[in-house]
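S.K.: sequence plus predicted model, see below.
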Amino acid sequence: MDTVVIIGGGWSGCAASISAKKAGAKVILIEKTDMLLGLGNVGGIMRNNGRFTATEENIYLGAYELFEITDRLSRHKNIEFPGHKHGSLYDVTKVEPEVRKLLNNLDIQIMTKKRVVDVIMDKETIKGVVLDDEKVVNGNVFIDTTGSTGPMGNCLKYGNGCSMCILRCPTFGPRVSISQKAGVKDLVGQKSDGTYGAFSGSCKLNKDSLSDDIKKELNEKGVVIIPVPKEDIDRSKLSKKVCEQYALKEYAENLILLDTGHAKLMTSFYPLDELRKIKGLENARYEDPYSGGIGNSVRYLSMAPRDNTMKVKGVDNLFCGGEKSGLFVGHTEAISTGSLAGHNSVRMIKEYKLLELPRSLAIGDIIAYTNERMRSKEGLRKRYTFAGDSYFKRMENMNLYTKDKKIIKKRVEDSGLLNIYTKYLI
């Protein structure tokens, strides 16, 4: 049977699995940890700013399943916080089992606690991937959605050491770049000062460690904003963050908490002794990463050069998605790139022309624009997201950003791609 093998079970890998399965392939999803979704287990923000447009584009393209789950599990909808409007916050404590159930119902083969450590090549074609127990998984097409975080040595070299984050490298082993194992030289993102990588943009606090007043406001409104003592304001951290859409002065001058089941603290790290000086946070405790007082995981250290169909350059049958495919930030971005990679993997099997989304759609534009920008040193120091900073401004300037679902649907219809991801190709 025609088989697509996906390495990495984050949002992008799950999206790729679904679209490849719907197109008719046998799908094997390999995830090194004991949970799917990766950073999705500590994320939670959807539909804010241009992500609303991209979400609806995905739905009309036929990649609706994961958004149905995040919408259904949203603790708060249509909320505002500095720099962001009409956001939704899904419950990170409930989302992974629902996604796993969906994939199981689609008869996608899920292999957890299995780490891919090598590839078997025939010239420029991957024949199989080798697991850490020396077993081989064969396939026709492969998709690298391994992300860009880890291994531990990178967090030590470019950050403040292993922060013991949700990816749990000490337990499940380091990330392995499939594209690099296949002979492709990966790209490395930089901070604004030229140093490599960037810190994850937020931490999780145990909600029960907060005062009753803060917890009540968080549960009711979804957002709590607490001024930082003037002597503790540190704007230098903003330049180190992955999420440039949150690198606003408000995020240095205030503690911004979002309710995602845990209390999502919108800063890369915050010294625990200083945090506990603030009223209502006297007993605060980090939930993820456990070393959130001194650091966070370092990302964007391994991205594959690819074209706008998500095919990796230099390997005949390898696609990529999520952070592996560029300096993308966010779940919506991961689902968008993963869905296209999964669909095109089956087109490759059938020897059909690969799909490149038009730039009349925000998803098509961000995929192409990011690819162009990453060819320059300056572009490697930026991040690209529907939610803010330079790309959201581009969306606005190009009239790609809209909340009008009728307009979004018409754009997809005019491109001839309505429900394209639901088409059975095999």
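M.R.: Ah, there it is.
S.K.: mind giving me the domain ranges of this protein?
M.R.: 3-194+299-422, 199-288 (automatic domain parsing).
S.K.: winner for burial among the ones you listed?
M.R.: Counting by mean count of other Cβ atoms under 10 Å, domain 3-194+299-422 has the highest mean neighbour count of those, with a mean of 21. Backbone N, C-alpha and C define where each C-beta goes, glycine included.
S.K.: now do the same end-to-end measure for it.
M.R.: Terminal residues of domain 3-194+299-422 are spaced 18 Å apart (Cα to Cα, to the nearest Å).
S.K.: L301 reaches G159, doesn't it?
M.R.: No: contact criterion Cβ atoms under 8 Å: L301 and G159 do not qualify, at 10.3 Å.
S.K.: now do the shared contacts for those two.
M.R.: G197 (Cβ atoms under 8 Å, 6 or more residues apart in numbering).
S.K.: contacts only, for E253.
M.R.: Applying Cβ under 8 Å, 6+ apart to E253 gives the contacts P227, V228, I233.
S.K.: which one of the residues you listed is nearest Q190?
M.R.: I233 (25.3 Å; Cβ to Cβ).
S.K.: measure the closest one to D193 for me?
M.R.: 20 Å (Cβ to Cβ, to the nearest Å).
S.K.: can you pull out the helices in the chain?
M.R.: Taking DSSP state H as the test, the helices found in the chain are 11-22, 51-61, 65-72, 95-105, 152-158, 169-172, 178-181, 212-221, 250-253, 272-275, 331-349, 362-373, 389-397, 405-414.
S.K.: for these, which one sits closest to K313?
M.R.: With Cβ to Cβ as the criterion, K313 lies closest to helix 178-181 of those, at 9.2 Å.
S.K.: tell me which residues are up against that closest one.
M.R.: Against helix 178-181 from outside (Cβ under 8 Å, 6+ apart): 7, 116, 118-119, 129, 142, 144, 146, 186, 302, 304, 312, 315, 318, 320, 324.
S.K.: show me those residues that map onto strands.
M.R.: Residues of the contacts of helix 178-181 located in strands (DSSP state E): I7, V116, D118, V119, V129, F142, D144, L318, C320.
S.K.: hmm, which two among those are most spread apart?
M.R.: Pairwise distances across these (Cβ to Cβ) peak at 17.5 Å, for the pair D118 and C320.
S.K.: these two touch, right, Y158 and F199?
M.R.: No: at 9.1 Å, Y158 does not count as touching F199 under the criterion of Cβ under 8 Å.
S.K.: let me see the confidence value for S236.
M.R.: pLDDT, S236: 66.
S.K.: now swap in V176 and tell me
M.R.: 95.
S.K.: burial count for I426?
M.R.: I426: 11 surrounding residues under other Cβ atoms under 10 Å.
S.K.: could you report the distance from the nearest residue to it once chain neighbours are set aside to K311?
M.R.: The shortest distance from I426 to any non-neighbouring residue, by Cβ to Cβ, 6 or more residues apart in numbering, is to G24 (3.1 Å). From G24 over to K311 the distance is 19 Å, taken as Cβ to Cβ.
S.K.: got a list of what A334 touches?
M.R.: Here A334 is in contact with G10, W11, S12, A15, G40, T145, G321, G322, E323, F328 (Cβ under 8 Å, 6+ apart).
S.K.: the fourth one and I294, how far apart?
M.R.: This points to A15. A15 is 33 Å from I294, by Cβ to Cβ.
S.K.: same check on the third one?
M.R.: The gap separating S12 from I294 is 29 Å, by Cβ to Cβ.
S.K.: the first one now?
M.R.: The gap separating G10 from I294 is 25 Å, by Cβ to Cβ.
S.K.: same check, this time on the second one
M.R.: Using Cβ to Cβ, one gets 27 Å for the distance from W11 to I294.
S.K.: the last one too?
M.R.: For F328, the distance to I294 under the criterion Cβ to Cβ works out to 27 Å.
S.K.: before we move on, the earlier item: mean pLDDT lowest for which of the domains of the chain?
M.R.: Between these, the lowest average pLDDT goes to domain 199-288, which shows a mean of 87.
S.K.: just the endpoints, please. Distance across that one?
M.R.: 14 Å.
S.K.: going forward can the numbers begin at 579, since that is how I track them
M.R.: Yep, numbering from 579; the last one is domain 777-866 now.
S.K.: V697 against A760, yeah?
M.R.: Yes: V697 is within contact range of A760, at 5.2 Å (criterion: Cβ under 8 Å).
S.K.: now do the shared contacts for the two.
M.R.: Shared contacts of V697 and A760, defined by Cβ under 8 Å, 6+ apart, comprise I704.
S.K.: just the closest of the contacts of helix 756-759 to G731, please.
M.R.: S880 (12.6 Å).
S.K.: so who does that closest one touch?
M.R.: Listed by Cβ under 8 Å, 6+ apart, the contact partners of S880 are T724, G725, S726, R753, S755, S757, Q758, D764, L765, V766, K902.
S.K.: now flag whichever of those is closest to K672.
M.R.: For the contacts of S880, the closest approach to K672 (Cβ to Cβ) belongs to G725, at 22.2 Å.
S.K.: correct me, but that closest one touches S755?
M.R.: No: counting by Cβ under 8 Å, G725 stays clear of S755, with 9.6 Å between them.
S.K.: overlap in contacts, the two.
M.R.: Common contacts of G725 and S755 (Cβ under 8 Å, 6+ apart): S880, K902.
S.K.: relative to M952, how far out is D771?
M.R.: D771 is 18 Å from M952, by Cβ to Cβ.
S.K.: swap that for P867, sorry
M.R.: From P867 to M952 the distance is 27 Å (Cβ to Cβ).
S.K.: and if you look at P883?
M.R.: Remark: distance between P883 and M952 (Cβ to Cβ) = 8 Å.
S.K.: give the residues shared as contacts by the two.
M.R.: By the contact definition Cβ under 8 Å, 6+ apart, P883 and M952 are jointly contacted by L765.
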